[in-house]
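# Have a look at this prediction, sequence included:
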There are 2 protein chains.
Amino acid sequence: MATTETSAEPLSIGEVAERTGLSVHALRFYEREGLLVGPVQRTSGGRRRYTAFDVDWLLICVKLRESGMPLADLKQFAELVRQGPGNEAERLQLLDAHRQRVDAQIQALQECRSVITWKVGVYADHLARGEAGGLWDPTA
Amino acid sequence: MATTETSAEPLSIGEVAERTGLSVHALRFYEREGLLVGPVQRTSGGRRRYTAFDVDWLLICVKLRESGMPLADLKQFAELVRQGPGNEAERLQLLDAHRQRVDAQIQALQECRSVITWKVGVYADHLARGEAGGLWDPTA
DNA sequence: ACTTGATCTAGACCTTGCTCCAGATCGTAG
DNA sequence: CTACGATCTGGAGCAAGGTCTAGATCAAGT
């Protein structure tokens, strides 16, 4: 019931969907695409059982996706982890490259934000001084 | 107050592409989609001639797109501007809503950034203390 | 046993936002 | 006049990232 229960019991796909914010469809899709580190365990009946590790990994995936990492990179990262220890330098490089992209993105967004804010100011002005503005710049 | 030259002469599609960073394909596409405020003027021979207003509008579009505004919203905004004065409140609302989304996005990115930074730290540590780490968390 | 809801698989389909192609035309430099 | 590059139109194609369907199976409640 708790969002952050560190329970040892495996979870169903629906529960994982709730916890990660991914849809069950997306979860199956990610698995097919090889984005998970290990194969997901199954019940005797064939239902997926996600471990806490799986969920942690997925939560990281979500963060990386949210910040714009393409699935291809995520897959590559998963592959590196799957290969086991010895390639930490590569993982580091992958993540650090992504961090740089995120930084650039934050910068760009802040610029956009100020343009938008300025524009919002233009309209607020217009409204404040009444709708009487006769001649004005259509792009404003 | 144009970003570059405040020339009164209209520009060709190629020149606008250079100035906006959009491809000529994208420029034609935007036009078809109704993302421009007015119809683009043409030469007698049928070539597009963009005014400084067109370019300014496109530069704003670029900023809005960069910050994740969907084309549909951009189109709606263009329609409001096309309708002329009187709907500034709606325009304001549209932009302000977008600004809020941008703020949320910046926030999210900063969170992602810190997760990534932490992860990078984990790998840097691993490398610093040598590749000898025997048992370790696969998700780390 | 029966009903209900969650999951299963494979694969078709969707949306967004362009990108590219074909074949024709324009316009400028030689 | 002749090239040659830039542009034109309409429409097809593409990549990413899922989403949804169909038909079957599993599991739990009554």
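Structure's in. What do you need? As the structure is a prediction and not an experimental result, all values here were calculated from the model.

# what residues does chain A put near DNA strand D?
A:23, A:25-26, A:28-30, A:43-47, A:65, A:70-72 (C-beta under 7 Å from any atom of the strand). Yep, even glycine has a C-beta here, placed from its N, CA and C like the rest.

# Quick check: the two most widely separated of the residues you listed?
A:S44 and A:P70 (36.5 Å; C-beta to C-beta).

# Tell me which of the two has more neighbours.
Neighbours per residue, other C-beta atoms under 10 Å in any protein chain shown: of A:S44 and A:P70, the larger number sits with A:P70, 11 against 5.

# Phi first, then psi, for that one.
Main-chain torsions, A:P70, degrees, to the nearest 10: phi -70, psi 150.

# looking at chain A, which helix or strand is least sure?
helix A:88-128 (a mean of 94; mean pLDDT, DSSP states H and E).

# so what does that one touch, helix or strand wise?
For helix A:88-128, the elements it packs on are helix A:71-82, helix B:52-66, helix B:88-128, judged by 3 or more C-beta pairs under 8 Å, 6 or more residues apart in numbering or on different chains; DSSP states H and E.

# my read: A:A78 touches A:G34, true?
Yes. Counting by C-beta atoms under 8 Å, A:A78 does reach A:G34; the two are 6.5 Å apart.

# who's more crowded, the two?
A direct count of neighbours by other C-beta under 10 Å for A:A78 and A:G34 places A:A78 higher, at 20 against 14.

# That one: what's it in contact with?
A:34-37, A:57 (C-beta atoms under 8 Å, 6 or more residues apart in numbering or on different chains).

# Among those, which one lies nearest to DNA strand D?
A:L35 (8.9 Å; C-beta to the nearest atom of the strand).

# any idea how far that closest one is from DNA strand C?
Using C-beta to the nearest atom of the strand, to the nearest Å, A:L35 is found at 15 Å from DNA strand C.

# Also A:M69?
Counting by C-beta to the nearest atom of the strand, the gap from A:M69 to DNA strand C is 18 Å.

# Quick check, that residue in contact with A:A97.
No. Using C-beta under 8 Å, A:M69 makes no contact with A:A97, being 9.7 Å away.

# Tell me who's in contact with the residue of chain A found nearest DNA strand C.
Distance from DNA strand C to each residue of chain A (C-beta to the nearest atom of the strand) is smallest for A:G14, at 2.6 Å. Neighbouring residues of A:G14 by C-beta under 8 Å, 6+ apart: A:V24.
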